[in-house]
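J.: how would this look folded up:
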Amino acid sequence: MGKEIKLPDIPEEEQTPLVKVLLGIIEQLAERVQRQEEEIGRLKDEIAVLKGEKKRPTFKASKLDKEAGKQADGQE
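T.: Reported below is the predicted structural model:
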């Protein structure tokens, strides 16, 4: 649903105790946001069903993208 939060790479020698705590908090919040996004999607589907509408279709991840990436890596 949403974009994954990418944290910058911080060298171990630059990670003070405060930085480590903050990185942990950011990871926890990112997980919480992901769970909330999933729950919101389920609730929207439930509301649609209760209204008599169809719920959103679920799509499987495309295997073509993975295969295309492998072929591009092999050709270079």
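
J.: Quick check: Arg32 vs Leu43, distance?
T.: For Arg32, the distance to Leu43 equals 16 Å [C-beta to C-beta, to the nearest Å]. Bear in mind the C-beta positions are built from the backbone N, C-alpha and C, glycine included.

J.: make that Lys60, sorry
T.: The value you get for Lys60 to Leu43, if C-beta to C-beta is used, is 22 Å.

J.: Looking at these two, which has the bigger crowd around it?
T.: Comparing Lys60 with Leu43 by other C-beta atoms under 10 Å, the one with more neighbours is Leu43, at 10 against 5.

J.: Can you report phi and psi for the more buried one?
T.: When quoted as degrees, to the nearest 10, the phi and psi of Leu43 stand at phi -70, psi -40.

J.: and what of Lys63?
T.: Dihedral pair for Lys63: phi -90, psi -10, per degrees, to the nearest 10.

J.: Next, count neighbours for it.
T.: Number of residues near Lys63 (other C-beta under 10 Å) recorded here: 8.

J.: And for Val33?
T.: When counting by other C-beta under 10 Å, one arrives at 13 neighbours for Val33.

J.: For it, pull up the helix or strand it's in.
T.: helix 17-50 (DSSP states H and E).

J.: now Asp9
T.: Under DSSP H and E, no helix or strand contains Asp9.

J.: and it, how far is that from Gln15?
T.: Asp9 is 10 Å from Gln15, by C-beta to C-beta.

J.: more crowded one of the two?
T.: Using other C-beta under 10 Å as the criterion, Asp9 and Gln15 rank with Gln15 on top: 12 against 5.

J.: What distance separates the opening and closing residues of stretch 39-59?
T.: Stretch 39-59 has an end-to-end distance of 17 Å (criterion: C-alpha to C-alpha, to the nearest Å).

J.: Having no further points to raise, I will conclude here.
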